[in-house]
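> Need a 3D model of the following:
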Amino acid sequence: MRREASNVLVYSAVAGRLEKTPISGAIVAMGFGFACGPLGLEIFAPHVDGELLRTLAELTLALVLFTDAANANLSVLKISLQLPERLLLIGLLLTILLGFGFGSRMIECGRIGIN
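The predicted structure is shown next:
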């Protein structure tokens, strides 16, 4: 519990400066996860069952989509419809494929244990 609290404290300290850069908070959290997870320093070793992993993934996706939608500039999107089309058709497809491939590779290598 102390580790999680210290992570939140460190992120809170740099969040203001981070908003002025092109790096988002999600990228920082992902980088921190890689650095401390089984691919990095192995501070955290996640061993979760499939149902918990699915629930966590769904909650994370809902939060990310809600946050992005809340921050969208609708007037710009109404003027230029090509940007959302490209994001949905190309970006979403590539994200799904790369995420599936990376996850499959992690499971094959035994880096993520799913019971």
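> what's the spacing between the residue located most distally from the centre of the chain and Asn73?
Within the chain, the residue lying farthest from the chain centre (Cα atoms, centre = their mean) is Ile79, at 28.8 Å. Counting by Cβ to Cβ, to the nearest Å, the gap from Ile79 to Asn73 is 10 Å. For glycine as for every other residue, the C-beta is placed from the backbone atoms N, C-alpha and C.
> residues in contact with Val14?
For Val14, the contact set (Cβ atoms under 8 Å, 6 or more residues apart in numbering) comprises Val28.
> at 10 Å what do you get?
25, 28 (Cβ atoms under 10 Å, 6 or more residues apart in numbering).
> For it, give me the pLDDT.
pLDDT, Val14: 75.
> ok, now Gly113?
pLDDT at Gly113 comes out at 64.
> how about the residue farthest from the centre of the chain, what does it touch?
Taking Cβ under 10 Å, 6+ apart, we find Ile79 in contact with Asn73.
> which stretches of the chain aren't confidently modelled?
Scanning the chain for pLDDT under 70 picks out 1-5, 7, 113-115.
> Just the residues contacting the lengthiest helix in it, thanks.
Of all the segments of type helix in the chain, defined by DSSP state H, the longest one is helix 50-70. When contacts are defined by Cβ under 10 Å, 6+ apart, helix 50-70 is touched by residues 24-26, 29, 46, 48, 87, 99, 103, 112, 114-115.
> Noted, bye for now.
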